[in-house]
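Novice: Predicted model and sequence follow; I will ask about them next.
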Amino acid sequence: MIKTDVLIIGAGPVGLFAVFEAGLSKLKCHLIDAIPLAGGQLSEIYPKKPIYDIPGFPSVLAGDLVNNLLEQAAPFSPGFTLGERADTIEKQEDGSFIVTTDHGTQHQAAVIFIAGGLGSFEPRRPLIDNLSQYEKKGVYYMVKEPAHFLDQDLIISGGGDSALDWAVYFAGKNKKTTTLVHRSDKFRAHKDSLDKVYALKKEGKLTLITHGEVKALHGNETLQNVSVAVSGAQTQVLTAQIWLPLFGLSPKLGPIDNWGLEIEKNAIVVNTKDYSTNIPGIYAIGDVNTYDGKLKLILCGFHEATLAVQSAYTIVNPQKKFNMKYTTVQGIQGFENTSKIPELV
Amino acid sequence: MIDISIQIIDREGNTHKVIAPTDMNMNLMEVCKSYGFPIEGICGGMALCASCQVYVNSEIHLASPNEEEEAMLSEAFHVQENSRLGCQMHMNSSFEGLVVTLAPE
């Protein structure tokens, strides 16, 4: 059981900033996120896009902002449960909550901050009849432990950063075939990754099929072959024990919907006094909440995190009065044991 | 203020006539959201999620998709010849009479 003061569901920018604000008040935080990296949609959807409305930053790349927030939170040694989705919540007799993930990891905290953005990112599943038959038996939507896929015939589909980055990674190491299949010759991925793909193709380490699409999966218990339709050519049947369809992730509010929270239009209703929900001890901050006048902006989420921490403090420390301190006066007094901060891919 | 009239066919097949301003720097995704259509617009309009995909049913002049839109459409599902991303369609007077169908989620 992981124990902490504030359990933050969602490791996006607002969740990460909440770690810092909580840390100033000596509250320890742990974050859960469904994707295997911190940063939420900034990391998943637009890491290379500049953001222009973060106070003090005329322009900052989304990925850089995430790295800065991780660095800012680091002195307060947050814990992370990444690549797991918060599924259930149970209120305990002492008032604390136990949150369990889809992998069975249990977390206990006096206070819950839901900073879940648009929800937990679920993979976009391609439209293939017998897809579910091979899920986790050759078909995977995320790469958590790359070693599991090495030295097998591997096909990756998609044209975004994640598809190309993994194609480059595996093509450089795989002793068997690595093939990248994309439906056009236009790629969404960064130019650097695309250059690497072409170079690996030239070296004969990667097969690149453009204007192609995986249409059918074949095998017995596990995946053995896939059919790739290529426009203007015959369908090819390729040997593949592993297929990684990396067509991006789309957010779903998911299990939080069943936690007894007041929900309006896919968002959690909060009191703007402290961003508390209808369940005492559970707060909702950032894009996941709604109130009169709500704007889905990172900077509004930062403000919400700050006020939620103030209120959460009195739950964790019922005998004490919250005392705001300026960092210019106090500096930063971090916690002693430093935990490892995940690096942005 | 120049308003235009367009038609949006929802995922149940019902046609809705809506009025859209052309002088408020809005795109079709934002117009759909402002009328409460169930379009997500997850990426906020950067052509990075395809949650605002529509099928253009009317014969109007539309600039060809740029590279970013084309790249995103090449990864989206349910794509047809007339697929476009709503967020890349900036409302202007040439859209008068536009008819679009929301693509499946």
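Specialist: Received the coordinates, thanks. Numbers count the residues shown, from 1 in each chain, chains lettered A, B, ... in the order given.
Novice: Smallest distance to chain A belongs to which residue of chain B?
Specialist: residue B:74 (3.5 Å; Cβ to the nearest Cβ). No exception for glycine: its C-beta is placed from N, CA and C like everyone else's.
Novice: Helix, strand or coil: sort out the closest residue to that residue other than its chain neighbours for me.
Specialist: Excluding its sequence neighbours, the residue lying closest to residue B:74 (Cβ to Cβ, 6 or more residues apart in numbering or on different chains) is residue A:184, at 3.5 Å. Look at residue A:184: counting by DSSP: H, G, I helix; E, B strand; the rest coil, its state is coil.
Novice: contacting residues for the closest residue to residue A:12 other than its chain neighbours?
Specialist: Leaving aside its sequence neighbours, residue A:12 sits nearest to residue A:40 (Cβ to Cβ, 6+ apart; 2.5 Å). Going by Cβ atoms under 8 Å, 6 or more residues apart in numbering or on different chains, residue A:40 touches A:10-13, A:15, A:33, A:117.
Novice: Can I get the residues you listed in CSV including distance to residue A:222?
Specialist: Listed next are the contacts of residue A:40 as CSV, based on distance: Cβ to Cβ, whole Å:
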residue, distance to residue A:222
A:10, 34
A:11, 33
A:12, 35
A:13, 39
A:15, 37
A:33, 29
A:117, 35
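Novice: just those now: which is nearest residue B:37?
Specialist: Taking Cβ to Cβ as the measure, residue B:37 lies nearest residue A:117 of those, at 21.3 Å.
Novice: pretty sure the closest one contacts residue A:12?
Specialist: Yes: the pair residue A:117 / residue A:12 is scored as a contact, 5.1 Å apart, by Cβ atoms under 8 Å.
Novice: any low-confidence regions in chain B?
Specialist: B:1 (pLDDT under 70).
Novice: That one: helices as residue ranges?
Specialist: With helices called from DSSP state H, chain B shows them at B:28-34, B:67-73.
Novice: try chain A
Specialist: A:13-24, A:41-44, A:62-73, A:131-134, A:161-173, A:191-202, A:298-316, A:327-330.
Novice: hey, which of those is tucked in deepest?
Specialist: Most buried of the helices of chain A, by mean neighbour count (mean count of other Cβ atoms under 10 Å in any protein chain shown): helix A:13-24, with a mean of 27.
Novice: what pLDDT, on average, does that one get?
Specialist: Mean pLDDT, computed over helix A:13-24, is 97.
Novice: now swap in stretch A:120-140 and tell me
Specialist: 93.
Novice: Wait, the residue nearest to residue B:74 touches residue A:213, no?
Specialist: No: Residue A:184 is beyond contact range of residue A:213, at 9.9 Å (criterion: Cβ under 8 Å).
Novice: what separates the residue nearest to residue B:24 when sequence neighbours are not counted from residue B:25, distance-wise?
Specialist: Ranked by Cβ to Cβ, 6+ apart and with sequence neighbours excluded, the top spatial neighbour of residue B:24 is residue B:91, at 7.7 Å. The gap separating residue B:91 from residue B:25 is 8 Å, by Cβ to Cβ, to the nearest Å.
Novice: cool, residue B:78 as well?
Specialist: Residue B:78 sits 28 Å away from residue B:25, taking Cβ to Cβ as the criterion.
Novice: Contact partners for the most centrally placed residue in chain B?
Specialist: Central residue of chain B (Cα atoms, centre = their mean): residue B:86, 2.7 Å from the mean position. By Cβ under 8 Å, 6+ apart, residue B:86 lies in contact with B:27-29, B:31-32, B:39, B:41, B:52-54, B:100.
Novice: Compare residue B:91 and residue B:25 and say which is more crowded by neighbours.
Specialist: Using other Cβ atoms under 10 Å in any protein chain shown as the criterion, residue B:91 and residue B:25 rank with residue B:91 on top: 22 against 9.
Novice: Tell me how many other residues crowd the nearest residue to residue A:151 once chain neighbours are set aside.
Specialist: Excluding the flanking residues, the one nearest residue A:151 by Cβ to Cβ, 6+ apart is residue A:175, at 4.6 Å. Counted with other Cβ under 10 Å, residues neighbouring residue A:175 total 8.
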